[in-house]
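Asks: The following block contains a protein sequence and its predicted model.
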Amino acid sequence: MRITHFKITNYRGLRLAIASNLQEQPLSLVTGKNGTGKSLILEALTAAWSGNINLPDFVGPYGHSLSIEIGIEFDEREYASVDRWRSDRDLPPVHRSSEHILEAVSTNRDSTGTYLQRDEMLETVQNELFSRGHPFAAIDLLSARRQVSLTTSTSVDLDLLDRTASAEQRRMMYDQEIRWKSAMQMPDIGTYLMSLDYRDYVAARDGLETGEEYQRLREIFHVATGKEISLPKYDPETTQSSIRVTLPSGETHALEDLSNGEREMLGMLYYVSQLSAQGGVLLLDEPEKHLHPSLQLAVLRAMMTVASRGQIIVVTHSPSLISASPSENVLIVRPAWESAENQAQRVADIDDESEVLSDLGITRRDLFQANYLLVVEGPDDEKRLRMLCPGEIAGAEVVVAGGRDAVLRTADTLRSLEVGVPWICVIDRDFLPETAAGDISEDGRVFVWDARMLECVLISPALLARVLEPGLSAGDSLENTVRDEVDRLKPRALEQFIEARMGERNLPAELVNVPDSSLDPIQRRLDLERRKIEFRLSEYHDVRAEVITEIESAWAGGWRHYVDGKRVLSALQKKYRVFRDAATLTDALMICARENEDLMPPDVSRLKDTLRKIQASRPSVKFQASESESRDRSIREAVTHGAPEPALNLTVDHSFINH
């Protein structure tokens, strides 16, 4: 079951929101500024579907009536379930259609709402007796007002895994969430994990397929955090079970010591996994709350993996989630006072690309005042570039993407949008081969340091001699010292580059899916890992030889591409003791390079020239003329004096929504 379209008119502060072809993407993101009505879209869809929300209370200020229209499609499996259920009750089969329309209407003079359009298919799937036994028949709301459970019980509660019971419980809470903005309690993650393990144990004992949900959660969590969640362990002495978390360092801690963000991530995965089990629609409001960007992306990846069986519509402010999603998957909601037209538009259809950037965390004022956009990997990069190039960056709006890959994704998004604001991305070279670095920077949109990292750029004998002068003794050869330290780190550079290049070798497609019906799910997963290891082992000697040849041939003049510059500067700081730590030495080198043009490394000069060209190329940013004055006047008249009630022009039946 998927929502194909919606049209919401005058629901609370939402004047008009229309979206179509939603069924084409199992995951849709809705974004926009605060106060535009993004969350109201989810509320309205929930209210119309649940039937137990008093709609007259939510008629907005843009007239005296509201209308919520939802198009829904079903697959043949779902039609068959409905026909069997109806046949058992001597009811005829339902009519198949590419889309079934549900329309709920109300005026603020009524005591209840009314279904204006609803056929026998929708009447059946909305019937409580049917939905209790068929979890796909649900539109479930997970609001932004979530309360993270602070306990981590180790008991088993199989009701947590019963999507029907969970959906029924959630349905009972909709009125409190929508009307009173009550916070919802996230599930206890300890109980959730214990229940999953118990269910899988019983299923395996009875020879049933387990679904490997526990293992999938462990893998998602490990990718996002680097931490491993253990299987439950039983202690016969205490008669208690426990779940431990292993850190990358090898140390362990109890499940209750997870951060609030990690707990909330697992709690959201609980709802997402329930959706994957039976289908249905999940409306998720601001999943990024309390979550680090790495956890946000992990939740997004999990949603994209499981949403194929149903549909997820997500409201978000997160630049990480928006930039990681295709533009056709993202809807932007504009304020009602900015246009008399549809407030919801697909990013791929928007002409004013500056709106997209605004919803990535950059305001219109920022766009109007900024000379250009500068996208960097992390906060440290922003700090250092401001220190190194203060004049060139003074008028820039800096966007911290959260890593090199995120910067490159942002660059792809900006290229596809053809934004009318100049922009430039800056990244470290890291482990990129020469050809890859050249390809990335070919169009001039991405500046790649001609060194593994910025610290390597700063390892200039003349610059170092000026900064470390107080610690140098007569006869010291700083150049030789640097060279000795660089050569000492060469074996480590070889090892790091071999490992990085091996990580880029993926298993060929023909070796990924090798069917073997004799293997159970665990064996198939282990067999896939075996094939990956065998493939990489077969590639190892070739990769190693390629890396050694590359580095050996380039080392004399190109060691800055390979050596760990942080370690070189750390060794120099410890030897000469002019600064208290390597970070302070790095800052001093940047300040000295900035203030002494004759000592400035060539790559820093190259960056400054690039930023100056970007500054000079800034076009004027144009926005459509606002119609806010006339709209404000009409809104005030509607609210203060009232306006003639618009004729619905349709016969209204009396099967009330709330009964």
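Replies: Nice, thanks for sending it over.
Asks: In this structure Thr246 contacts Ser230, no?
Replies: Yes. Under the criterion of C-beta atoms under 8 Å, Thr246 makes contact with Ser230 at 6.8 Å. Yep, even glycine has a C-beta here, placed from its N, CA and C like the rest.
Asks: With Met1 as the reference, measure out to Trp49.
Replies: To Met1, Trp49 is 11 Å away according to C-beta to C-beta, to the nearest Å.
Asks: Mutual contacts of these two, please.
Replies: Shared contacts of Trp49 and Met1 (C-beta atoms under 8 Å, 6 or more residues apart in numbering): none.
Asks: Comparing these two, which residue is more hemmed in?
Replies: Trp49 (26 against 22; other C-beta atoms under 10 Å).
Asks: who's in contact with the more buried one?
Replies: Here Trp49 is in contact with 70, 102, 126, 139 (criterion: C-beta under 8 Å, 6+ apart).
Asks: distance of the third one from Val82?
Replies: By that I understand Gln126. 11 Å.
Asks: Which one of these two is surrounded by more residues?
Replies: Taking other C-beta under 10 Å, Gln126 and Val82 do not tie; Val82 has more neighbours (22 against 18).
Asks: Give me the pLDDT for the more buried one.
Replies: Val82 carries a pLDDT score of 96 in this model.
Asks: wait, what's in contact with it?
Replies: Val82 neighbours (C-beta under 8 Å, 6+ apart): 74, 94, 121, 124-125, 130.
Asks: Just to be sure, it is in a strand?
Replies: No. Applying DSSP: H, G, I helix; E, B strand; the rest coil, one finds Val82 to be helix, outside a strand.
Asks: now it: how far from Leu45?
Replies: 21 Å.
Asks: re earlier: so which of the contacts of Trp49 belong to helices?
Replies: Among the contacts of Trp49, DSSP state H puts Gln126 in helices.
Asks: what's the closest of the contacts of Trp49 to Arg384?
Replies: Ile139 (48.0 Å; C-beta to C-beta).
Asks: Next, the contact list for that closest one, please.
Replies: Applying C-beta under 8 Å, 6+ apart, the residues near Ile139 are 3, 45-46, 49-50, 280-281, 283.
Asks: So of those residues, which two are at opposite extremes in space?
Replies: That would be Ile3 and Ser50, which, of those, are the farthest apart (C-beta to C-beta) at 14.2 Å.
Asks: circling back: just the contacts of Ile139: which are in strands?
Replies: Secondary structure from DSSP state E places 3, 281, 283 of these in strands.
Asks: for the first one, which residues make a bridge with it?
Replies: Taking DSSP bridges, one obtains Ile72 as the residues bridged to Ile3.
Asks: now the helices for the stretch 201-350 of the chain?
Replies: 213-225, 260-278, 293-306, 319-323 (DSSP state H, counting those that start in this stretch).
Asks: closest to Arg205 out of those helices?
Replies: Here helix 213-225 is closest among the helices of the stretch 201-350 of the chain (C-beta to C-beta), at 15.2 Å.
Asks: report the angle between the axes of that closest one and helix 293-306?
Replies: Interaxial angle, helix 213-225 versus helix 293-306 (axes from the mean of the first three to the mean of the last three C-alpha atoms, to 10 degrees): 140 degrees.
Asks: Helix 260-278 and helix 213-225, what's the angle between them?
Replies: 140 degrees.
Asks: In this protein, where's the longest helix?
Replies: The chain, longest helix under DSSP H: helix 521-558.
Asks: how about that one: buried residues?
Replies: For helix 521-558, a neighbour-count test (16 or more other C-beta atoms under 10 Å) marks 524, 528, 543-544, 547, 550-551, 555 as buried.
Asks: Tell me the gap between that helix and the middle of its chain.
Replies: 30 Å (C-alpha atoms, centre = their mean, to the nearest Å).
Asks: ok, then the element right after that helix?
Replies: Per DSSP states H and E, helix 521-558 leads on to helix 565-576 as the next helix or strand towards the C-terminus.
Asks: Mind giving me the packing neighbours of that following helix?
Replies: helix 454-458, helix 478-488, helix 582-595 (3 or more C-beta pairs under 8 Å, 6 or more residues apart in numbering; DSSP states H and E).
Asks: for that helix, what is the average pLDDT?
Replies: Helix 565-576 comes out at a mean pLDDT of 93.
Asks: can you list the residues that contact it?
Replies: 451-459, 464, 468, 471-472, 481-482, 485-486, 489, 492, 579, 581-582, 584-586, 589.
Asks: rewinding a little: max pairwise distance over the contacts of Trp49: which two?
Replies: Spanning the widest gap among these are Ile70 and Gln126, at 11.3 Å by C-beta to C-beta.
Asks: For Ile437, which non-adjacent residue is spatially closest?
Replies: One correction, residue 437 is Ala, not Ile. Closest residue in space to Ala437, ignoring its immediate chain neighbours: Val448 at 4.8 Å, by C-beta to C-beta, 6 or more residues apart in numbering.
Asks: So that neighbour versus Asp609, what's the distance?
Replies: Val448 sits 15 Å away from Asp609, going by C-beta to C-beta.
Asks: Check His541 too.
Replies: 43 Å.
Asks: so what are the domain limits for the chain?
Replies: Under the assignment automatic domain parsing, the domains of the chain span 1-136+310-352, 148-300, 366-504+543-616.
Asks: Buried residues of the helix or strand harbouring Arg606, list them for me.
Replies: For Arg606, the element it lies in under DSSP H and E is helix 602-616. For helix 602-616, burial by neighbour count (16+ other C-beta under 10 Å) applies to 603-604, 607-608, 610-611, 614-615.
Asks: In terms of secondary structure, what does it contact?
Replies: strand 372-376, helix 390-393, strand 423-427, strand 446-448.
Asks: Switch those over to CSV; also include mean neighbour count.
Replies: Converted to CSV, the helices and strands packed on helix 602-616 look like this (neighbours: other C-beta atoms under 10 Å):
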stretch, mean neighbour count
strand 372-376, 24
helix 390-393, 16
strand 423-427, 22
strand 446-448, 20
